[in-house]
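*Asks:* coords below, sequence missing:
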């Protein structure tokens, strides 16, 4: 059975995603829901955010998108969706994701 997606923030829609990028993101999220592991170039671990946290990488025509997520036993928790503009993940994104996880886990 597929794990549900729990969206704490963000969405993947056209626009701003191109149709191709939206379909790629949906395809990769479906793999995660089915329990498949993703690795580079599609996903990489994000231990700075927390355990089981990863960054999904979606390349668009002129943009690069990131979807920060955590793999839980019962769900895939989406923490943030943003356009990547720098080589590193902005500190504000990391802090915001950590706060969202704290709030989610305490509820």
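*Replies:* Received, thanks. Please read these numbers as outputs of a predicted model, since none were measured by experiment. Residues are numbered from 1 along each chain as shown.

*Asks:* host element of the closest residue to residue 13 other than its chain neighbours?
*Replies:* Nearest residue to residue 13, sequence neighbours excluded (C-beta to C-beta, 6 or more residues apart in numbering): residue 22, at 6.7 Å. Every residue, glycine included, has its C-beta placed from N, CA and C. Residue 22 is part of helix 19-33 when elements are defined by DSSP states H and E.

*Asks:* ok, residues contacting the following helix or strand past that helix?
*Replies:* Toward the C-terminal end, the helix or strand that comes next after helix 19-33 (DSSP H and E) is strand 43-45. For strand 43-45, the surrounding residues in contact (C-beta atoms under 8 Å, 6 or more residues apart in numbering) are 28, 53-57.

*Asks:* same thing but 10 Å
*Replies:* Taking contacts as C-beta atoms under 10 Å, 6 or more residues apart in numbering, the residues outside strand 43-45 that touch it are 28, 31-32, 37-39, 51-57, 66-67, 69.

*Asks:* who does that strand pair up with?
*Replies:* Based on DSSP bridges, the pairing partners of strand 43-45 within the sheet are strand 53-59 (antiparallel).

*Asks:* avg pLDDT for the partner strand?
*Replies:* What strand 53-59 shows for mean pLDDT is 95.

*Asks:* do the same with stretch 65-73
*Replies:* 96.

*Asks:* chain center to it: distance?
*Replies:* 4 Å (C-alpha atoms, centre = their mean, to the nearest Å).

*Asks:* distance of residue 43 relative to residue 37?
*Replies:* Here the criterion is C-beta to C-beta, to the nearest Å. By it, residue 43 lies 8 Å from residue 37.
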